[in-house]
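1. generate a structure from the sequence data that follows.
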Amino acid sequence: MNARDKAALHETLCALLANASAALKDSPDAAVRLGTQARAVAVALRDRLNIAEADLLLARAMLLIGQPREAQQALTRAMPVFVTLDVRPQAIRCYRLFATLLFEQNQYSHGVAMAREALTLPGLPRADRARFHLAVAVGLGHLLNLPAARETMERFALPEVEDCGDPEAIVELNYMMAGLEAQFACIAGGITLDSTFGMERPPQMRTPEAYLRAATRYVRRGAPYRSQVNRDLQLWTLDVEAWVCGLRDGVGAARPLFESAIAACGKEFGRVACKLRVDLAVLYRIAGEHAAALEHLEIAGRMPEAQAGRPRRAYHFERSLLYDALGRKVEALEDMRRYAALNAAKTTDATAWHAMDTPPQQLRSGELIKLHRELSRHVDPAFLRNAIRFVEQNVNRHVSIAELARSAGVSSRTLQSAFRRFRGVTPAAFVRQVRMQTAHEMLKSTPMNIGEVALRIGYSTPANFSRDYRRHFGVPPSRA
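-> Presented below is the predicted three-dimensional model:
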């Protein structure tokens, strides 16, 4: 290829990328088509950076049209390029999008970890710091408890938003806070939601009306900035506004808002349309109009966007409640079984993460381990935290289950049960995980050899240590 041909192709590439970026606002399907063409041209030019640019555009567009797995594949290709070449704005965008994708696929723990890691990036703009704090709050709300989510928004995200004045960050914060207050209203009013099912009721709650007044104030604060943000975010705010209206004034008052927002989504923004349908179905269910609720829920369930982890979980939960109310007990039980399986996947992801049962190459920094311990304070009972502390303080020797139970002040049976419930493993397995993780950190960060590390964590011979290390990590300790 001569220089003139390369110049012509590069000009075509720039035009395709610009058009794809513009199409993201109103026509993500067109953005996918243009982004695919741009990527092909960039590959022909062997232009590594613009291949990554095209992949990032494709990831953003595919998420909007409800293809999270394809979006993650594109993002996985793009992110290492931007990080390696230190292209900061695109790297930050990759972190944000990755956190969103992980949430969409039910992997809240890893989404929180991704957002928390992004907060350690040097020179992070205030608007992006606010968004990553909001992402952490979203994950906390799904994994741990709503008070922790609120505290994260108020203590960390709000000051950043007030300082940066970015319209998108202002809209995201206020409407997320509105949604959070609406969830508190549901808990206070005894309304069952999939997002709060099984959560411990926070102490000293206010009335549902007080929470809904707060939610309305947040909607009003964000509304003046709504015209300045992208279409996808605008439609999401319409969903929050309609949801708050429905809880406050009833489904009859909210229905026109939902119908208008669904119509505005068209075929381009199916992900938001799916959520609108589910939320409208929930309001009908709250009002006791179960047939109407089931009708809207089934429309949502047939949408391609409903197949991802988070919307599918909500769909099966709601349908189980509706089937039960309509006397269809067998079908209700089957849907609750499917919901439980999806929820167990989320819980397993969380407990494995809290237990640091992640392959070492996925633990990106010591900050993640600190975050595991910090977040675990919100979910583990005190006696379990005492047992975990005892394990960490006695990593240099064998700890029996009986000894561990005595340190926690409970019976061995209670301790076994708590470890399985909150950590997803037996106490013995947890002890091994802590010992192996400690050994791994020693091998990576100290000059000690394998024999010295083995002795430090209570092994009598390096051979036994090497055997267990290989079983845990899949590689010998010499490759740590």
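
2. so where is the chain shaky, pLDDT-wise?
-> Applying pLDDT under 70 to the chain flags the ranges 1, 122, 144-145, 308-309, 344-380, 421-424, 473-474, 480.

3. for it, which residue is closest to the average position?
-> In the chain, the residue lying closest to the centroid (C-alpha atoms, centre = their mean) is residue 103, at 2.7 Å.

4. residues contacting that one?
-> Residue 103 sits next to 111, 135, 138, 139, 142, 310 when contact means C-beta atoms under 8 Å, 6 or more residues apart in numbering. In this view, the C-beta of every residue, glycine as well, is placed from N, C-alpha and C.

5. widest-spaced pair of the residues you listed?
-> 135 and 310 (14.2 Å; C-beta to C-beta).

6. tell me which of these two has more neighbours.
-> For residue 135 versus residue 310, neighbours defined as other C-beta atoms under 10 Å are more numerous around residue 135 (28 against 21).

7. ok, that one to residue 162 distance?
-> 18 Å (C-beta to C-beta, to the nearest Å).

8. what does residue 212 give?
-> With C-beta to C-beta as the criterion, residue 212 and residue 162 are 24 Å apart.

9. who's more crowded, these two?
-> residue 212 (23 against 13).

10. let's verify the closest residue in space to residue 77 that isn't next to it in sequence: helix, strand, or coil?
-> Of all residues not flanking residue 77 in the chain, residue 55 sits nearest, at 4.7 Å (C-beta to C-beta, 6 or more residues apart in numbering). The three-state label for residue 55, taken from DSSP: H, G, I helix; E, B strand; the rest coil, comes out as helix.

11. wait, isn't residue 55 in contact with residue 82?
-> No: with contact defined as C-beta atoms under 8 Å, residue 55 does not reach residue 82; the gap is 9.8 Å.

12. look at those two and report which has more neighbours.
-> Under the criterion of other C-beta under 10 Å, the comparison of residue 55 against residue 82 puts residue 55 first, with 25 against 22.

13. what about residue 91, neighbour count?
-> Quick note: residue 91 (other C-beta under 10 Å) scores 21 neighbours.

14. quick one, what contacts it?
-> 79, 82, 83, 121.

15. quick check: phi and psi on residue 221?
-> As for residue 221, its main-chain torsions (degrees, to the nearest 10) stand at phi -70, psi -40.

16. what's the separation between it and residue 408?
-> Counting by C-beta to C-beta, the gap from residue 221 to residue 408 is 46 Å.

17. hmm, who's touching stretch 93-102?
-> Here stretch 93-102 has contacts from 56, 59-60, 63, 68, 71-72, 75, 78-79, 82-83, 108, 110-112, 114-115, 117-118, 121, 128, 131-132, 135, 139, using C-beta under 8 Å, 6+ apart.

18. any quick ChimeraX command for the buried ones out of those residues?
-> In ChimeraX, this line selects whichever of the contacts of stretch 93-102 come out buried by 16 or more other C-beta atoms under 10 Å:
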select :56,59,60,63,68,71,72,75,78,79,82,108,110,111,112,114,115,117,118,121,128,131,132,135,139
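
19. of the contacts of stretch 93-102, which belong to helices?
-> 56, 59-60, 63, 68, 71-72, 75, 78-79, 82-83, 108, 110-112, 114-115, 117-118, 128, 131-132, 135, 139 (DSSP state H).

20. check the offset of stretch 248-266 from the chain's centre.
-> Centroid separation for stretch 248-266 versus its chain: 27 Å, with C-alpha atoms, centre = their mean, to the nearest Å.

21. export that stretch to PDB, keeping only CA atoms.
-> Extracted as PDB, the C-alpha positions of stretch 248-266 are listed here (Å, rounded to 0.1, in the frame of the first residue of the first chain):
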ATOM      1  CA  ARG A 248     -45.800   8.500  45.400                       C
ATOM      2  CA  ASP A 249     -49.000   9.000  43.400                       C
ATOM      3  CA  GLY A 250     -49.900   5.500  42.100                       C
ATOM      4  CA  VAL A 251     -49.600   3.600  38.900                       C
ATOM      5  CA  GLY A 252     -52.400   5.600  37.200                       C
ATOM      6  CA  ALA A 253     -50.400   8.800  37.500                       C
ATOM      7  CA  ALA A 254     -47.100   7.200  36.400                       C
ATOM      8  CA  ARG A 255     -48.500   5.200  33.500                       C
ATOM      9  CA  PRO A 256     -48.400   8.100  31.000                       C
ATOM     10  CA  LEU A 257     -44.800   8.900  32.000                       C
ATOM     11  CA  PHE A 258     -43.800   5.200  31.400                       C
ATOM     12  CA  GLU A 259     -45.600   5.000  28.100                       C
ATOM     13  CA  SER A 260     -44.000   8.200  26.800                       C
ATOM     14  CA  ALA A 261     -40.500   7.000  27.900                       C
ATOM     15  CA  ILE A 262     -41.000   3.600  26.300                       C
ATOM     16  CA  ALA A 263     -42.100   5.200  23.100                       C
ATOM     17  CA  ALA A 264     -39.100   7.500  23.200                       C
ATOM     18  CA  CYS A 265     -36.800   4.400  23.500                       C
ATOM     19  CA  GLY A 266     -37.900   3.000  20.200                       C
END
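
22. show me the contact partners of stretch 227-235.
-> By C-beta under 8 Å, 6+ apart, stretch 227-235 touches 24-26, 28, 64, 167-168, 171-172, 226, 237, 261, 264-265, 269, 272.

23. in helices, which of those fall?
-> Counting by DSSP H, the part of the contacts of stretch 227-235 found in helices is 28, 64, 167, 168, 171, 172, 237, 261, 264, 265, 272.

24. identify, from these, the entry nearest to residue 47.
-> Closest to residue 47, out of all of those and judged by C-beta to C-beta, is residue 28, at 23.7 Å.

25. give me the number of residues near the residue lying closest to the closest one once chain neighbours are set aside?
-> Leaving aside its chain neighbours, residue 28 sits nearest to residue 64 (3.8 Å; criterion: C-beta to C-beta, 6+ apart). The number of residues packed near residue 64 is 25, by other C-beta under 10 Å.
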